[in-house]
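Engineer: Provided below are the primary sequence and the corresponding predicted coordinates.
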Amino acid sequence: MQLAVFVLSKTELLDDFLLSLSEAGIRGATVLDSKGMAHALPQESSFAASLRLILTPGHETGKTIFMVVPDEKINVISGVANQVCGDLNGPESGILFALPVSYTEGIKF
């Protein structure tokens, strides 16, 4: 079992991402509003933070999606994320990672 975490930069793609996950058989995601460090720092505290705010003004906040899934579903989530959001290795697309889960209650697959 894995905890998949996807930090979505392009929040306008959230509905498409969730719908594509559902169509791929993945349900039960939790979505939270999130803000990256560059946007959380006061503008005067860092030149890099100020520059980032200027370069990406439309993506001040993101969405963080949590999903507990069987191990074999991580590749499905990765495929959906790359298809909907573009290459995750590109700028401002998103970040996906997974962590092993050793215990759950209340989750049925």
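Structural biologist: Yep, it's here.

Engineer: CA atoms for contacts and neighbours, from now on please.
Structural biologist: Will do.

Engineer: centre of the chain versus stretch 63-73, how much separation?
Structural biologist: 10 Å (CA atoms, centre = their mean, to the nearest Å).

Engineer: Which positions within that stretch qualify as buried?
Structural biologist: Across stretch 63-73, burial judged by 16 or more other CA atoms under 10 Å covers 63-69, 73.

Engineer: Format those as JSON lines; extra columns: distance to K35.
Structural biologist: Below are those laid out as JSON lines (distance: CA to CA, whole Å):
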{"residue": "K63", "distance to K35": "8"}
{"residue": "T64", "distance to K35": "9"}
{"residue": "I65", "distance to K35": "13"}
{"residue": "F66", "distance to K35": "15"}
{"residue": "M67", "distance to K35": "19"}
{"residue": "V68", "distance to K35": "22"}
{"residue": "V69", "distance to K35": "25"}
{"residue": "K73", "distance to K35": "27"}
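
Engineer: Switch those over to a markdown table; also include pLDDT.
Structural biologist: Output for those, formatted as a markdown table (pLDDT from 0 to 100):
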| residue | pLDDT |
| --- | --- |
| K63 | 95 |
| T64 | 97 |
| I65 | 98 |
| F66 | 97 |
| M67 | 97 |
| V68 | 97 |
| V69 | 96 |
| K73 | 96 |
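
Engineer: Take the residues you listed and keep only those in strands.
Structural biologist: The strands, defined by DSSP state E, take in 63-69 from these.

Engineer: Closest one to P91 out of those residues, please.
Structural biologist: K63 (15.9 Å; CA to CA).

Engineer: Against F6, how distant is that closest one?
Structural biologist: Distance of K63 to F6, given as CA to CA, to the nearest Å: 8 Å.
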